[in-house]
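Asker: sequence and predicted structure below; questions after.
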Amino acid sequence: QVQLVESGGGLVQAGGSLSVSCAASGMSFSMYGMAWFRQAPGKEREFVGGISRGGGSTNYADSVKGRFTISRDNAKNTVVLQMNSLKPEDTAVYYCAAADSSIRALKGSAYDMDDWGQGTQVTVSS
């Protein structure tokens, strides 16, 4: 049974940095593309970024490009979203997701993802 558990969310001031992690179990982690999505109150879930199985390819939403970085450690079954220069509009619940295809993880559609974590709250104060 695939399990994705996010951690590291919290409250940070605008302009600050925060890192959220996702620990995976019950899956051959290196065979999955991974992605981060977020959902703010009253809004649809949106793609933040994705990373290929081996970590060599990434794709980011325009709204976070240059500020957010996704990395993965296949030996530790973890994927990390490093968020810098945070803005109040980055406030959302952040979800980790897995797809058994790098292409689908990089594509940016929530419908393409196979498994989801429970989410972690990130709040950026102004």
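Answerer: Nice, thanks for sending it over.
Asker: quick one, what contacts the nearest residue to residue 7 once chain neighbours are set aside?
Answerer: For residue 7, the nearest residue in space outside its immediate sequence neighbours is residue 21; the separation is 5.3 Å by Cβ to Cβ, 6 or more residues apart in numbering. Where C-beta positions appear, they are placed from N, C-alpha and C, glycine not excepted. Residues counted as contacts of residue 21 (Cβ atoms under 8 Å, 6 or more residues apart in numbering) are 6, 7, 8, 78, 79, 80, 81.
Asker: what do you get if the cut-off is 6 Å, keeping everything else the same?
Answerer: With contacts defined as Cβ atoms under 6 Å, 6 or more residues apart in numbering, residue 21 is in contact with 7, 8, 78, 80.
Asker: report the buried members of the residues you listed.
Answerer: Neighbour-count burial within the contacts of residue 21 applies to 78, 80; the criterion is 16 or more other Cβ atoms under 10 Å.
Asker: returning to what we had before: note down every partner strand of the helix or strand that contains the residue nearest to residue 7 and its orientation.
Answerer: Per DSSP states H and E: residue 21 is located in strand 18-25. Sheet partners assigned to strand 18-25 using DSSP bridges are listed as strand 3-7 (antiparallel), strand 78-83 (antiparallel).
Asker: tell me the SS of residue 15?
Answerer: In three-state terms, and counting by DSSP: H, G, I helix; E, B strand; the rest coil, residue 15 is coil.
Asker: mind checking how far it is from residue 124?
Answerer: Here the distance between residue 15 and residue 124 works out to 9 Å (Cβ to Cβ, to the nearest Å).
Asker: good, we can wrap up now.
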